[in-house]
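J.: okay, predicted coordinates and the sequence, questions at the end:
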2 protein chains.
Amino acid sequence: MDLGDGAMDGEAMAAVDHGGSLGRARALFPHAPEPFVDLSTGINPHSYPLFDLPATALSRLPEPARLRTLLEAAAAAYGAPSADHVVAAPGTQILLPRIARLLKPGRALVLGPTYAEHARAAALAGHEVSEVGDLNALAQADLAIVVNPNNPDGRIVTRADLLALAQKLRAKDGLLVVDEAFMDVGPRAESLAGDVTRGGIVVLRSFGKFFGLAGVRLGFALADMATAKRLAAELGPWAVSGPALEYGICALQDAGWRDEMRSRLAADAARIDALLGRFGVPVAGGTALFRYIEFSGVAGLFAALGRQGILLRHFAERPHVLRIGLPGCQDDWQRLESALAGWAVRRDDGPPQESEP
Amino acid sequence: MDLGDGAMDGEAMAAVDHGGSLGRARALFPHAPEPFVDLSTGINPHSYPLFDLPATALSRLPEPARLRTLLEAAAAAYGAPSADHVVAAPGTQILLPRIARLLKPGRALVLGPTYAEHARAAALAGHEVSEVGDLNALAQADLAIVVNPNNPDGRIVTRADLLALAQKLRAKDGLLVVDEAFMDVGPRAESLAGDVTRGGIVVLRSFGKFFGLAGVRLGFALADMATAKRLAAELGPWAVSGPALEYGICALQDAGWRDEMRSRLAADAARIDALLGRFGVPVAGGTALFRYIEFSGVAGLFAALGRQGILLRHFAERPHVLRIGLPGCQDDWQRLESALAGWAVRRDDGPPQESEP
């Protein structure tokens, strides 16, 4: 076939390694006690309370009016100018190549290190993609991508800096994509959700992480109305499932739950920092949904905890960092504490940690 | 912004009118008795039996291993060469623009009249789109699209004719897309599911229609392995929700249910034909999931049944045809029969049907 859409190189086609797979955990640690305590994601372990769905949520096509209600709830919850600025999708992931294709193939710069799917999606769309460590360098891009707060290190870019960048990009018909997947627990004053009206900015919001319902598949793009309409046309009718509509509407309208959950997650994050600190594990950043660990012994820590069935997130290309999510119940906290204690004893008394597999 | 992807004309952006919306039904027939008997879709009213999902199907990210199991079940159920030839998506709808973009913008021809989203998606991808009524004319296309069996009239194109067309298209690096959304009840010997290995053919299969679970959002593309890999890369990980994975695996592995359902739907289709025939309504085609009605009085029939809360599918651009789905229970059959009787009496005794709104 005559290929459209620019080059499709092998890297863009290859699957990215992610956290959250128990199959992968079992392959890595076949002798670990089950069930695994999966701390390899930033998904809230305290899920929004599920309720029984009407059977029609599964049997019938999703109703356009319910989608409209969802968009209104999302606009209100995230602070978008209106529902006409919101697009709902089965997770933000599926939107990434579509958003990258809002521009003709050009130069895409990703503020990194960060979530790897952004670079992959931009490459799929035919852009020449580079990762840069300096926000100022992003002004050279046609398509600039910032994850804010960043995954995995929690780095925050201020709204003022992002708006200044957006202005430079807009002046040359470029686009700034801000992935606010973890902004529900982030410094919400830095969100660009309310700044999309003029165009040149697309903000991504994830439903599954903060609400702990990643399997439902729901995410949003916030954009100027013309761009929102264009993205919605790409998705077509019924992109969002009946369960995602019903749980999404209920959860996004529940401001009380969101406020309480933010407090709870902040307390959990403080608790895990204290626990890690007790065993000499330095927390270098993160958000309230995950913590970021950086020290020379992370490979040994990852392996020691994995053998105890405690799964953290490591990164093949950055062997000195780990990400750790929040335990969901007292048993999981206890297992984490025991595994840390066991690791600390061996670190202090045993052979050097570098000899661990 | 500098627009990629060719022209985005207003038509491609505009929403297509579809069946299956109760909101729309209420707007059309505000005084109709509720609940509506919604016969405006081709969705099986006898849904695959639902079962309780583990909470993790909603809370956790979908597991790659479960996705693999789903692809294997789909390959076996549909007759694809292997799971490597299958891509799973949250409904086939979301795949249409992506498939249209497998080719550079060129000439897209749709065998029509048919499901309107194909032309819209091809236009979104930048193709110059026309609808043609003659299969032979499709050989002039870069991208040829056939719905088989066709929606709404049930027209069938033979596998031999489609393979001959595919060969012509393949010789010039073109692509044949065959939407087999209703092939589960169609003449399965005409399916191209087993013919995708050589490339140049993409077959679409819908899960929600035959299994009566349209709200779950699940559909498949069958293609050569390179194309399947490319489409999967576009969707990214986790495109299919936890509920869709679990219900999809169970239903697609259940050959007994599928066989029984085919018999049941064939009997239901014969029953509705007989019922319509009793009232002088001629059935001109369709599949076992919907019937196609074509006569000069369809506007009056649509309005008369709508006022009784029986919703059929009409088509703004073809006022002389209707599509009618299958009632799901005895009450619904009875209401349909009563509404038909009321319409027939007025047709025979009252003012000319053309005067009805």
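T.: Noted; the coordinates are in hand.

J.: quick one: A:Gly306 from chain B, how far?
T.: Taking CB to the nearest CB, to the nearest Å as the measure, A:Gly306 falls 18 Å from chain B. C-beta: built from backbone N, CA, C; applies to glycine.

J.: meant to ask about A:Leu165, not that
T.: 15 Å.

J.: any weak-confidence spans in the stretch 251-357 of chain A?
T.: For the stretch 251-357 of chain A, the stretches flagged by pLDDT under 70 are A:349-357.

J.: mind doing that once more with 90?
T.: Counting by pLDDT under 90, the stretch 251-357 of chain A has low-confidence residues at A:316-317, A:346-357.

J.: just the helices in the stretch 1-150 of chain A please.
T.: A:10-13, A:22-28, A:56-59, A:64-78, A:96-100, A:117-124 (DSSP state H, counting those that start in this stretch).

J.: where does pLDDT dip in chain A?
T.: In chain A, residues with pLDDT under 90: A:1-21, A:24, A:55, A:186, A:316-317, A:346-357.

J.: any idea how far A:Gly297 lies from A:Leu275?
T.: 16 Å (CB to CB, to the nearest Å).

J.: A:Arg155: neighbouring residues, count only.
T.: 19 (other CB atoms under 10 Å in any protein chain shown).

J.: ok, it - contacts?
T.: A:Arg155 is in contact with A:149, A:285, counting by CB atoms under 8 Å, 6 or more residues apart in numbering or on different chains.

J.: so it belongs to a helix, correct?
T.: No - according to DSSP: H, G, I helix; E, B strand; the rest coil, A:Arg155 belongs to no helix; its state is coil.

J.: measure it to B:Ser263 for me?
T.: Look at A:Arg155 and B:Ser263: by CB to CB, they are 61 Å apart.

J.: hmm, back to that, with neighbour numbers in mind, choose between A:Gly297 and A:Leu275.
T.: Taking neighbours as other CB under 10 Å, A:Gly297 and A:Leu275 compare with A:Gly297 leading, 19 against 16.

J.: from what I can see that one touches A:Asp348, true?
T.: No - at 11.5 Å, A:Gly297 and A:Asp348 do not qualify as touching, with contact defined as CB atoms under 8 Å.

J.: using JSON lines, lay out the helices of the stretch 1-150 of chain A together with distance to chain B and mean neighbour count.
T.: JSON lines is the format used below for the helices of the stretch 1-150 of chain A (distance: least, CB to the nearest CB, whole Å; neighbours: other CB atoms under 10 Å in any protein chain shown):
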{"stretch": "helix A:10-13", "distance to chain B": "5", "mean neighbour count": "14"}
{"stretch": "helix A:22-28", "distance to chain B": "4", "mean neighbour count": "16"}
{"stretch": "helix A:56-59", "distance to chain B": "5", "mean neighbour count": "21"}
{"stretch": "helix A:64-78", "distance to chain B": "4", "mean neighbour count": "20"}
{"stretch": "helix A:96-100", "distance to chain B": "5", "mean neighbour count": "26"}
{"stretch": "helix A:117-124", "distance to chain B": "6", "mean neighbour count": "25"}
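
J.: would you mind putting these into TSV with distance to A:Gly328 alongside?
T.: Compiled in TSV, these are given as follows (distance: least, CB to CB, whole Å):
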stretch	distance to A:Gly328
helix A:10-13	35
helix A:22-28	15
helix A:56-59	26
helix A:64-78	23
helix A:96-100	28
helix A:117-124	25
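
J.: what is the distance between whichever strand or helix holds A:Gly256 and the centre of its chain?
T.: Assigned by DSSP states H and E, A:Gly256 belongs to helix A:255-278. Relative to its parent chain, helix A:255-278 has a centroid offset of 18 Å by CA atoms, centre = their mean, to the nearest Å.

J.: which helices and strands does that helix pack with?
T.: Secondary-structure packing of helix A:255-278 (3 or more CB pairs under 8 Å, 6 or more residues apart in numbering or on different chains; DSSP states H and E): strand A:283-287, strand A:290-294, helix A:330-349.

J.: okay, now the sheet partners of the second one, with direction.
T.: Each strand paired with strand A:290-294, and its direction, by DSSP bridges: strand A:283-287 (antiparallel), strand A:321-325 (antiparallel).

J.: and the first one, which residues are buried?
T.: Applying a neighbour-count criterion of 16 or more other CB atoms under 10 Å in any protein chain shown, one finds A:283, A:285-287 buried in strand A:283-287.

J.: nearest to chain B, of these?
T.: The closest of the buried residues of strand A:283-287 to chain B turns out to be A:Thr287 (CB to the nearest CB; 17.7 Å).

J.: mind listing what the closest one touches?
T.: A:42, A:149, A:151, A:154, A:182, A:185-186, A:269.
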